[in-house]
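Visitor: Let me see the structure of the following:
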Amino acid sequence: MSNIAKRHISTQKLLGEYLTFVPQQRLVDAFATDMKTLHPTLLRDSIREAVQTRQVQTIPHAQQRAAIHRIYHRKIKEFSSLYPFIFAVENGLRSAVADHLEAVFGRMDWWTLLRDAWLAGHPPTDFTHIRTVPVKPRFVKSVFFAFGELGVEGTSNIAGPDKSDELYYEISFGQLIRLIQSDWNLMRDMFLPDAQLGYRLRSTAFDDDAGIIKVGRNAIFHSNPIKNRSQFVGACERVLDTLAFHLGDYDQDMAGVTFTRIQESIPRGPRHVIPPR
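Guide: Okay, the predicted model is just below:
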């Protein structure tokens with residue numbers, strides 16, 4: 001496999017440890033395509049697992065590449081199965097913040113006051129109150145900072161009259177978390193009360209879980225595997241619990257859902273080497 005790029009050397013060495021035979025050129029080329037096309041970390045992890053599998057059971061020569069792909073596909077399913085959790089947490093928090101701040105300030109479009117000031121070049125320190133409600137400087141700064149991070153399209157989407165909840169769905173997830181963290185006393189009541197939760201919900205607990213979720217979300221959205229799935233799921237479960245959302249029942253319901261798959265239209269031909277057949 002001398003034509004493999006340097007970044008694939010570790011994968012090449014793993015394959016050498018895994019294969020129990022000398023592959024013919026056609027199979028060498030197929031493995032080269034795997035390394036050029038598949039996710040490098042997931043592929044390496046799949047080969048490592050295949051090595052362990054091979055140590056306890058014999059895998060025929062003709063099936064050794066297919067065994068790697070079966071493990072790889074399982075890892076993709078494990079990886080993609082976490083997206084519904086992200087979807088539930090992120091949209092739950094966005095909607096909860098929108099409804100809560102509407103109740104606090106008396107209007108869904110309270111933020112347009114700050115938007116207009118930001119567009120006019122005013123500093124966040126101009127605001128000590130929003131619609132007669134006292135606010136901390138960190139809260140106002142977090143909104144101003146979120147405006148500045150929107151980019152051209154996002155800024156256009158929140159501009160103009162007749163706006164309501166656009167802010168909450170345009171700012172990034174990270175900016176949404178910063179908004180919640182900027183004034184815990186102001187934001188605490190967006191979650192269930194302690195009496196219903198059965199424990200005191202502290203800002204530090206939310207901060208810890210939000211940090212885990214942000215790291216996991218970024219990994220998923222950049223197609224990188226999550227190192228500790230149980231930690232990520234636990235953080236999602238705890239945050240959703242504070243929003244009256246039971247992750248276990250949601251996961252069970254999602255597992256039972258069926259949907260119509262889109263039928264592929266390109267027939268397999270000699271040029272296709274992934275997945276192995």
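
Visitor: Which residues are in contact with the residue nearest the centre of the chain?
Guide: The C-alpha lying nearest the average C-alpha coordinate of the chain belongs to R217 (Cα atoms, centre = their mean; 2.2 Å). Neighbour list for R217: I86, E90, F173 [criterion: Cβ atoms under 8 Å, 6 or more residues apart in numbering]. C-beta: built from backbone N, CA, C; applies to glycine.

Visitor: and if we set it to 6 Å?
Guide: R217 is in contact with I86, counting by Cβ atoms under 6 Å, 6 or more residues apart in numbering.

Visitor: again, but for I86
Guide: By Cβ under 6 Å, 6+ apart, I86 lies in contact with R217.

Visitor: I226: neighbour count?
Guide: Look at I226: counted by other Cβ atoms under 10 Å, it has 19 neighbours.

Visitor: same deal with the one 4 residues further on?
Guide: By other Cβ under 10 Å, the residues close to S230 number 8.

Visitor: Spell out the secondary structure type for V273.
Guide: Secondary structure, DSSP: H, G, I helix; E, B strand; the rest coil: V273 is coil.

Visitor: hmm, back to that, secondary structure element holding the residue nearest to the centre of the chain?
Guide: helix 203-221 (DSSP states H and E).

Visitor: Name the residues of that helix that come out as buried.
Guide: Residues F206, D209, A210, I212, I213, V215, G216, R217, A219, I220 are the ones in helix 203-221 that count as buried (16 or more other Cβ atoms under 10 Å).

Visitor: Kindly export that helix (C-alpha atoms) in CSV.
Guide: Taking C-alpha atoms only, helix 203-221 is exported to CSV below (Å, rounded to 0.1, in the frame of the first residue of the first chain):
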residue,chain,number,x,y,z
SER,A,203,-26.6,27.2,37.8
THR,A,204,-23.4,25.2,38.2
ALA,A,205,-25.2,21.9,37.4
PHE,A,206,-26.7,23.5,34.3
ASP,A,207,-23.3,24.9,33.2
ASP,A,208,-21.7,21.5,33.5
ASP,A,209,-24.4,19.7,31.5
ALA,A,210,-24.5,22.5,28.9
GLY,A,211,-20.8,22.3,28.4
ILE,A,212,-21.0,18.5,27.8
ILE,A,213,-23.8,19.0,25.4
LYS,A,214,-22.1,21.7,23.5
VAL,A,215,-19.0,19.6,23.0
GLY,A,216,-21.1,16.6,21.9
ARG,A,217,-23.2,18.8,19.6
ASN,A,218,-20.1,20.2,17.9
ALA,A,219,-18.7,16.6,17.5
ILE,A,220,-21.9,15.4,15.9
PHE,A,221,-22.3,18.4,13.6
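
Visitor: which element follows it toward the C-terminus?
Guide: helix 229-241.

Visitor: I'd like the mean pLDDT over that next one, please.
Guide: Helix 229-241 shows a mean pLDDT of 97.

Visitor: Give me the buried positions along that helix.
Guide: Quick answer for helix 229-241 (16+ other Cβ under 10 Å): F232, V233, A235, C236, E237, R238, V239, L240, D241.

Visitor: any chance of those in a markdown table, with distance to R94 too?
Guide: Below are those laid out as a markdown table (distance: Cβ to Cβ, whole Å):
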| residue | distance to R94 |
| --- | --- |
| F232 | 19 |
| V233 | 20 |
| A235 | 17 |
| C236 | 15 |
| E237 | 18 |
| R238 | 18 |
| V239 | 12 |
| L240 | 13 |
| D241 | 17 |
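
Visitor: Now do the strands in the stretch 51-200 of the chain.
Guide: Per DSSP state E, counting those that start in this stretch, the stretch 51-200 of the chain carries strands over the ranges 129-130, 133-134.

Visitor: nearest to E264, of those?
Guide: strand 129-130 (52.3 Å; Cβ to Cβ).

Visitor: List the neighbouring strands of the closest one plus their orientation.
Guide: Paired strands of strand 129-130, with direction, are strand 133-134 (antiparallel) (DSSP bridges).

Visitor: Show residues contacting the partner strand.
Guide: Contacts to strand 133-134, defined as Cβ under 6 Å, 6+ apart, come from residues F105.

Visitor: returning to that earlier point: just the closest of the buried residues of helix 229-241 to S182, please.
Guide: Using Cβ to Cβ, the buried residues of helix 229-241 come closest to S182 at V239, 17.3 Å.
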